Each structure stands twice: as structure tokens, then as C-alpha cells.
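J.: Could you work out the structure for the sequence below:
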Amino acid sequence: MIVWSVFAVGAVYEWAAAPLMAAAALLAALAPPKAGTSRETRRLDGLLLASVAASAVQLVPLPPAVRAALSPNATRIPADVQLQPIDATAWQPISVSPVSTVYAIGLVLTALVVFWSARRCCARGMTRRIVRQVAFAGLFAALVAIALRSVGDPTLIYGRWHALDAGAHPFGPFVNRNHFATWIVMACPLAAGYVAATLGNRTSSPGMAAKLVAVFEWLGTSAVWVGAAGIAMILALVISTSRSGVLASAASLVGGAWLARDRLTRRTGVLSLIAVVSIAAIVTAYVNMQPLLSRMEQTLSVGFGGRPQIWHETLRLIRDFPLTGTGLGCYQSAMMVYQQTDRAFFINQAHNQYLHLLAEGGFLLSIPVAMAAVAFIRLFRTRLAQDTSSSVWLRIGGGAAILAVVVQGFWETGLRIPANGLLFAVAAAVAVHRPLRQ
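T.: I've put the predicted structure just below:
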């Protein structure tokens, strides 16, 4: 599912997302996820299900008086989009586009099934296998992106097809370079955690000859390939010139170091510093940094471009739909009416994950999501304290991956892309899975 979601254009289109939903349904049927069966995970799982239920409430047909009290402006959008009056006596759902909401709920349920299944697999000792597959998928995605940027038309997907969205900036297998960056900033910390966990299993060999033999033996392990995949992904991230991605990657590095502060020995600290400096040297030597530096300079001189205006118009939408939102997945439909800026470019996302959630879900959805986030943080802290094995580095990598998405979410809505949602679910499962018994 991870590989398909990445190379099928991020599964951003229905033809690519439908197989993911079918695979999740099959997975749930063959191996039903055990949600809420553990006392430690019951609160988190319950809040996740409550969030799905809140989204489903937006599809319930309501009497006109009740709908008008909860969402007074809900009738305006369908009437303006369809260019015909809506029957004022008919029972209607809160969602301004029920089809979009059903589709979005399907994607959310797919991510939840992956989260619960991956968490169960990690608890059975499959964490490294899962992370290894993620890293290899990232390696091929990065190589494809670098190759296409070097020899292909950068305005085409895979150098052959135009994106359906006007003004898109394709990069590699993704329609948008920032969405590609969202996937990469999650995969890189997981890969780093894999390498650190492998090094943590190694024991020091006495004698210089034995040390050299151990080094050569380690060079033939999967950890080297995972590390190479991480370096390739970082190179692709810099080449993409995604400012939010680079910032999120830096935040994950700092956050990972903070999470590992009690476990860093002098040896691991020195090795980590050498690794960071070496990767920085490789990036500087093999990547033209000028495009990225120019975009950074542009940000400092002119600000965030058109994002403040998009945020302003999104706030107007939030003010008109504060309680129930427009409906999960309905931001684009609502902006067909609410956009006031030049229609040469259509606003189909809020460029802020949190404003986007408020616009689509209102307090109805945002409150259980926020409570689930708090429950996740508490569970992660508990699991991190319990884990005394070398696999704790994988857990730290998962936590750093989540932090990267949280930071990037202030400028982008990368989690709307199914490929990113699935990897987010995997990273969350790695972060909070039950530690293996010692």
C-alpha cells in the first residue's frame, strides 16, 4: 500500500486512492485491527473513532430549522455552485458536498486501519521490516525525482503527463513538491532511527583488526542501504526547493536530538554529529543550493507570498461555519463561492493544516482531533519511557517524523494527500507501539 500510494502520483486522484481503500477493507477483513483492546490505547483509539463519528455526523440529513441553527450558511454554497435554488423544506446534511465527505471519510478510515495494523505488527517485532520497506520506497522515489529533474520536463508528472491542478509544481511521483517534501520529512527520521537502532545492537570488538572486520561486515548490512536511502531522500528534498520541507526536516533533527537526550552516550553523540556534518557536506558538494537559497531569500524579503491572503479568506470561511464546518473534504467546494482573490488561480487548500481542519470540521471535528493529539502525546511519552531496547531509536524516529509534519502543517496541508496520510499512520504506529517484552 505504501509503495502504490507513492508511485501512483501520491494517490491524489480517485483512480489511485480506490485501490488503497479496497486494500484497507481487505486487510480489516483478514486481520481485524484490535482498536481499544488495551487499557493504555483505549483513550486514543476511542478519540480517533469519535473523530470519524463527528465527520459522519456531517452527512446526517437534518430538518431545515436544525440545519439552519447549526450551520446558517450551509445552503448558500450548494445553491451558488449548482446555480439553482435549494428546496427549503427538504432535510439536508451539514456537508455542502456529501460525496466529497464520504470520499474523505473513506481515506481517513484507510489511514486508521493502516495505523492499527502497523501498530499490531510493530508490537510483534516487525518494526524494522516496515521501516526498511519505507526507506527503500523513499530511495526509489528520490532517485526518480532527481533523474526527472535532471533530464525531464519539470512541469510534467513523470515527464509525460500534465497535472489536473492548474499551477501545480510536480516533483518526482508527486503532483506538488511540497507534498513530496511531506513524505520525505517523515521517511528520513524513520530511516535515521533504523540506522541508529542497528548501531545500538553492535558490540565493540577488541583489537584494531577485529574492529575493521566488524566495520566491513556492517557495510554489507541493510542498515547501510537504509542510510543511503536517507541521504538520497535529503538530496531530493533540497533539490525540490521546498522551503517548508527543509524547515520541517531541521525541526525533526532538533526534535529527535531532544527526544534522544537521555540515551545519547559520548560515542553515539560523536557518531551522530559526524553523520550530520557528512550529510551536509554531501548536499553542498552535489546539489546546486542557489535555487533553494533564492527562495529562502524571497521569503525573508516578501514574506509568505500569497499565503496570508489564503489564510484571510479561510478565516472568513471559518467564521461562517464555526460549529460544524463545511464538511470533511469540502474546502475546495466552499472556496468556489468564498474565494475573493483573482480567479486566475483557484484556492483548493488552506496552506495551513490547522485552518483547513477548522474550515472543514469546525468545533465538531476539531475538538476530538485535538483531544486525540493530546492522548497520542501522552501515550508516546509512556511508550518512550518503557522502551529500553535498541528499537527505541525507531520509536524516536517515528516521533521526529510526526514533529516534522506538525511544523510543516503551519504552511502546507500535506496530510490531505493519501500517500502522506498512510506514512503518517505508519510513523504514528512506530512511535506508540507496545515495546517488545525483554
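J.: residues near residue 65, how many?
T.: For residue 65, the number of neighbouring residues by other CB atoms under 10 Å comes to 8. No exception for glycine: its C-beta is placed from N, CA and C like everyone else's.
J.: In the helix or strand hosting it, which residues are buried?
T.: Per DSSP states H and E: residue 65 is located in helix 64-70. For helix 64-70, burial by neighbour count (16 or more other CB atoms under 10 Å) applies to 67, 70.
J.: mean confidence score for it?
T.: Averaged over helix 64-70, pLDDT sits at 87.
J.: do you know how far the nearest residue to residue 163 once chain neighbours are set aside is from residue 294?
T.: Distances taken as CB to CB, 6 or more residues apart in numbering put residue 175 closest to residue 163, at 4.8 Å, once the chain neighbours are dropped. For residue 175, the distance to residue 294 (CB to CB, to the nearest Å) stands at 23 Å.
J.: So which of these two has more stuff around it?
T.: Neighbours per residue, other CB under 10 Å: of residue 175 and residue 294, the larger number sits with residue 175, 21 against 11.
J.: Would you confirm that the more buried one contacts residue 10?
T.: Yes - counting by CB atoms under 8 Å, residue 175 does reach residue 10; the two are 6.3 Å apart.
J.: sorry, back to before: what's near enough to touch the residue nearest to residue 163?
T.: Applying CB atoms under 8 Å, 6 or more residues apart in numbering to residue 175 gives the contacts 9-10, 12, 157, 163, 165, 168.
J.: Separate out the buried members of those residues.
T.: Of the contacts of residue 175, these count as buried by 16+ other CB under 10 Å: 9-10, 12, 157, 163, 168.
J.: okay, the residues you listed in CSV with distance to residue 143, secondary structure and pLDDT next?
T.: Below are these laid out as CSV (distance: CB to CB, whole Å; DSSP: H, G, I helix; E, B strand; the rest coil; pLDDT from 0 to 100):
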residue, distance to residue 143, secondary structure, pLDDT
9, 17, helix, 90
10, 17, helix, 90
12, 21, coil, 90
157, 16, strand, 83
163, 21, coil, 78
168, 22, coil, 74
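J.: Now flag whichever of these is closest to residue 390.
T.: Nearest to residue 390 among the buried ones among the contacts of residue 175: residue 10, at 32.8 Å, using CB to CB.
J.: Test my guess that that closest one contacts residue 416.
T.: No - applying CB under 8 Å as the test, residue 10 and residue 416 come out as separate, 10.0 Å apart.
J.: Output the below-cut-off pLDDT ranges for the stretch 301-438 of the chain.
T.: For the stretch 301-438 of the chain, applying pLDDT under 70 flags the ranges 301-305, 343-344, 437-438.
J.: I should have written the stretch 51-200 of the chain there, sorry.
T.: Checking the stretch 51-200 of the chain against pLDDT under 70 turns up 79-88, 152, 166-167, 200.
J.: Buried residues of the longest helix that the chain contains, list them for me.
T.: Secondary structure of the chain read by DSSP state H shows that its longest helix is helix 353-386. Buried positions in helix 353-386, judged by neighbour count with 16+ other CB under 10 Å: 353, 355-362, 364-366, 368-369, 371-372, 375-376, 379-380, 383-384.
J.: Next: stretch 39-55.
T.: Within stretch 39-55, the residues that count as buried by 16+ other CB under 10 Å are 41, 43-48, 50-52, 54-55.
J.: what's it in contact with?
T.: With CB under 8 Å, 6+ apart as the test, stretch 39-55 has contacts from 35-36, 101, 104-105, 108-109, 112, 115-116, 119, 328, 361, 364-365, 368-369, 371-372, 375-376, 379, 382, 432, 434.
J.: try 6 Å
T.: Contacts of stretch 39-55 with the rest of the structure, by CB atoms under 6 Å, 6 or more residues apart in numbering, involve 35-36, 105, 328, 364-365, 368-369, 371-372, 375-376, 379.
J.: Next: stretch 369-382.
T.: By CB under 6 Å, 6+ apart, the residues outside stretch 369-382 that reach it are 43-44, 47-48, 51, 399, 431-432.
J.: Which members of those are positioned in helices?
T.: Applying DSSP H to those, the entries found in helices are 43-44, 47-48, 51, 399, 431-432.
J.: Pull the most distant pair out of those residues.
T.: 51 and 399 (20.9 Å).
J.: coming back round to it: please tabulate the contacts of stretch 369-382 in a markdown table, including the columns distance to residue 2.
T.: Shown next, in a markdown table, are the contacts of stretch 369-382 (distance: CB to CB, whole Å):
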| residue | distance to residue 2 |
| --- | --- |
| 43 | 27 |
| 44 | 22 |
| 47 | 25 |
| 48 | 20 |
| 51 | 23 |
| 399 | 19 |
| 431 | 17 |
| 432 | 19 |
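J.: out of the contacts of residue 175, which one sits closest to residue 289?
T.: For the contacts of residue 175, the nearest to residue 289 is residue 168 (24.2 Å; CB to CB).
J.: Now the closest one. Nearest residue, chain neighbours left out?
T.: residue 175 (5.1 Å).
J.: Could you check how far the one you found is from residue 8?
T.: Distance, residue 175 to residue 8, by CB to CB: 11 Å.
J.: Check residue 273 too.
T.: Remark: distance between residue 273 and residue 8 (CB to CB) = 39 Å.
J.: What of residue 336?
T.: Going from residue 336 to residue 8 by CB to CB gives 27 Å.
J.: nearest to residue 231, of the contacts of stretch 39-55?
T.: Within the contacts of stretch 39-55, proximity to residue 231 (CB to CB) peaks at residue 376, which comes in at 29.7 Å.
J.: And stretch 2-20, end to end?
T.: 9 Å (CA to CA, to the nearest Å).
J.: quick one: buried residues of that stretch?
T.: Those buried within stretch 2-20 under the rule 16+ other CB under 10 Å are 2, 4-12, 16-17, 20.
J.: Tabulate the residues you listed (CSV), appending secondary structure.
T.: Below are the buried residues of stretch 2-20 laid out as CSV (DSSP: H, G, I helix; E, B strand; the rest coil):
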residue, secondary structure
2, helix
4, helix
5, helix
6, helix
7, helix
8, coil
9, helix
10, helix
11, helix
12, coil
16, helix
17, helix
20, helix
